[in-house]
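Undergrad: give the three-dimensional model of this entry:
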Amino acid sequence: YFGDSISVNISFSGDRYKLTDHGETLWNMEQLGIDLTSNKKQKKYQLLNNIVQNYSLVIENKHINFYTNRINLSQAIHDYVLAISEISYLGILKKENIKSLFKDEVMQYFLSNRKIYPNIFPEFKVEGKSKLIHSFEAVFPGEATEYVKTIKRIDKNNAKNVLFDWNDVEIHRNKNFDSNARLNIITEQQDDISEAVSTMLSQYNVEVFSFENKKQLEEKFSNV
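TA: Purely as a prediction, here's the structure:
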């Protein structure tokens, strides 16, 4: 996505906090010739709207905003960064192949093949020791419980975010699965991962799978 970091601007008025990007995200898109908001019938707008609804965002004058209170501020910041990341990734989708978000494609595959993957539990949410709620696209219970995250293109930033989520739910994992749980990432192209990121993930025993390699996915998740 755009740059190596995401800036979150926070202001307070009355009894609520406002998180905003001051229009930077959609402006960056427009500089690349990608207009997500003008045509509500186009697929790109529908994908943007799905993200906006999923994270309860508000788009005002092309500013992507989120309103919250003091109690939920930490969770709001966490979710807002994830949302901006997802929106930014719309910029790297090929125009002729914009059909759905990557994680939706992955989950549609698993859920439409229940005979192959009968043990899947989709959209698994866990509270971490930070009190933040972390979402995993799927969990496959078994002798070793397999957690799944989907990332279209893995880079240093989103790899760090995933590892933070994984470490933050360690208490839950240890309590419910006797430490016998593993993290898996499904990505578009496994070969696109840099050596540095691959090494970082391997230090935490994270396995990475290419979505196009369905045989590998079956071997990993169909008999867990």
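Undergrad: buried residues in stretch 74-87?
TA: Residues of stretch 74-87 classed as buried by neighbour count (16 or more other Cβ atoms under 10 Å): Ala76, Ile77, His78, Asp79, Tyr80, Val81, Leu82, Ala83, Ile84, Ser85, Glu86, Ile87. C-betas here are computed from N, CA, C, even on glycine.
Undergrad: so after the longest helix along the chain, what's the next helix or strand?
TA: Longest helix in the chain, counting residues (DSSP state H): helix 73-89. Following helix 73-89 in sequence order, the next helix or strand is helix 102-111 (DSSP states H and E).
Undergrad: helices or strands up against that next one?
TA: On a contact count with 3 or more Cβ pairs under 8 Å, 6 or more residues apart in numbering; DSSP states H and E, helix 102-111 meets strand 121-127, strand 133-140, strand 145-151.
Undergrad: for Thr68, find the nearest of those strands.
TA: Minimum separation from Thr68 across those (Cβ to Cβ) falls at strand 133-140, 13.3 Å.
Undergrad: on that earlier part again, save the buried residues of stretch 74-87 as CSV, and put in distance to Ser7 and pLDDT too.
TA: Formatted as CSV, the buried residues of stretch 74-87 follow (distance: Cβ to Cβ, whole Å; pLDDT from 0 to 100):
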residue, distance to Ser7, pLDDT
Ala76, 15, 94
Ile77, 12, 94
His78, 15, 91
Asp79, 16, 92
Tyr80, 11, 94
Val81, 10, 91
Leu82, 15, 89
Ala83, 14, 92
Ile84, 9, 91
Ser85, 12, 86
Glu86, 16, 85
Ile87, 14, 88
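Undergrad: any chance of those residues in a markdown table, plus distance to Glu105?
TA: Below are the buried residues of stretch 74-87 laid out as a markdown table (distance: Cβ to Cβ, whole Å):
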| residue | distance to Glu105 |
| --- | --- |
| Ala76 | 28 |
| Ile77 | 28 |
| His78 | 24 |
| Asp79 | 22 |
| Tyr80 | 24 |
| Val81 | 23 |
| Leu82 | 18 |
| Ala83 | 19 |
| Ile84 | 21 |
| Ser85 | 17 |
| Glu86 | 14 |
| Ile87 | 17 |
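Undergrad: if we can go back for a sec, what angle sits between the longest helix of the chain and strand 133-140?
TA: 60 degrees (axes from the mean of the first three to the mean of the last three Cα atoms, to 10 degrees).
Undergrad: ok, Ser74 to Ser130 distance?
TA: According to Cβ to Cβ, to the nearest Å, Ser74 stands 7 Å off from Ser130.
Undergrad: mind listing what Thr20 touches?
TA: Residues counted as contacts of Thr20 (Cβ atoms under 8 Å, 6 or more residues apart in numbering) are Val8, Asn9, Ser11, His63, Ile64, Asn65, Phe66.
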